[in-house]
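**Student:** Curious how this folds, go ahead:
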Amino acid sequence: MLFTTTHKTPVGPLSLIASDQILLAAGFDGLEPLMVRLDMDDASQGFKSVRTIPVISDLVHDYFDGDFTAINGIKVRQPGAEFSQSVWKVMRKIPAGKTMSYAELAQRAGSPAAVRAAGSSCGRNLIAPIVPCHRIVKTGGDLGNYGYGLELKQALLKFEGAI
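**Tutor:** Next up, the predicted model:
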């Protein structure tokens with residue numbers, strides 16, 4: 001059984017889907033868009049709505065209360081190719097208040113020429129903002145894209161003190 005919940009945050013409602021203590025999906029568009037993107041094996045377990053998900057909800061609240069390192073303690077898992085897994089791992093190492101270019105992300109993920117693939121991996125990230133794709137910007141500092149809209153990306157970066 002997967003647990004689902006939605007928490008109010010300063011930047012809008014954040015929905016979460018977890019299996020035990022592992023976060024499988026998080027996002028700002030509600031639960032349905034997350035559910036349809038889950039791995040089939042995970043989704044087949046069924047869903048149970050809960051008020052809070054132990055540990056994960058507390059760490060999310062701590063993050064939005066200003067402890068930006070709190071989300072680093074959340075265990076995550078999402079399906080994806082080896083390069084995407086590398087990209088997501090690199091993103092989790094970017095500290096709050098900092099940004100990284102798509103080009104640097106591709107390089108640190110092990111494929112300097114794969115800038116577009118790095119961007120695509122950002123777009124497929126199922127666990128925002130815990131896997132902080134909002135911290136990835138264009139070379140030169142322009143914000144680039146964000147699956148939940150540029151206003152939310154800007155709000156998260158301002159919240160963290162990056163801009």
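**Student:** what's the domain layout of the chain?
**Tutor:** 2-75, 79-160 (automatic domain parsing).
**Student:** CSV please, covering those and showing mean pLDDT.
**Tutor:** Converted to CSV, the domains of the chain look like this (pLDDT from 0 to 100):
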stretch, mean pLDDT
domain 2-75, 97
domain 79-160, 96
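**Student:** JSON lines for those domains, including mean neighbour count?
**Tutor:** Heads up, the C-betas are built off the backbone N, CA and C, glycines and all. Formatted as JSON lines, those follow (neighbours: other Cβ atoms under 10 Å):
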{"stretch": "domain 2-75", "mean neighbour count": "16"}
{"stretch": "domain 79-160", "mean neighbour count": "18"}
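**Student:** Now do the strands in this protein.
**Tutor:** 2-7, 14-19, 22-27, 47-49, 75-76, 100-101, 136-137 (DSSP state E).
**Student:** got the contact list for the residue lying farthest from the centre of the chain?
**Tutor:** No residue in the chain sits farther from the centre than A113, which is 23.6 Å out by Cα atoms, centre = their mean. Residues near A113 by Cβ atoms under 8 Å, 6 or more residues apart in numbering: A106.
**Student:** cutoff 10 Å now
**Tutor:** By Cβ atoms under 10 Å, 6 or more residues apart in numbering, A113 lies in contact with A103, A106, Q107.
**Student:** I figured the first one hits G144, correct?
**Tutor:** I take that to be A103. No: counting by Cβ atoms under 10 Å, G144 is not a contact partner of A103; they are 11.2 Å apart.
**Student:** Name the residues contacting each of those two.
**Tutor:** G119, K138.
**Student:** okay, the contacts of A113 in a markdown table with distance to Y148 next?
**Tutor:** Listed next are these as a markdown table, based on distance: Cβ to Cβ, whole Å:
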| residue | distance to Y148 |
| --- | --- |
| A103 | 23 |
| A106 | 22 |
| Q107 | 26 |
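**Student:** ok, these vs L23, which is closest?
**Tutor:** A106 (24.8 Å; Cβ to Cβ).
**Student:** from memory the closest one sits against F83, does it?
**Tutor:** Yes: between A106 and F83 a contact is recorded at 8.9 Å, counting by Cβ under 10 Å.
**Student:** Between the two, which contacts overlap?
**Tutor:** With Cβ under 10 Å, 6+ apart as the test, A106 and F83 both reach A114, A117, A118, S121.
**Student:** how about the nearest residue to the first one, chain neighbours excluded?
**Tutor:** Yep, that's A114 we're talking about. Excluding the flanking residues, the one nearest A114 by Cβ to Cβ, 6 or more residues apart in numbering is A106, at 4.8 Å.
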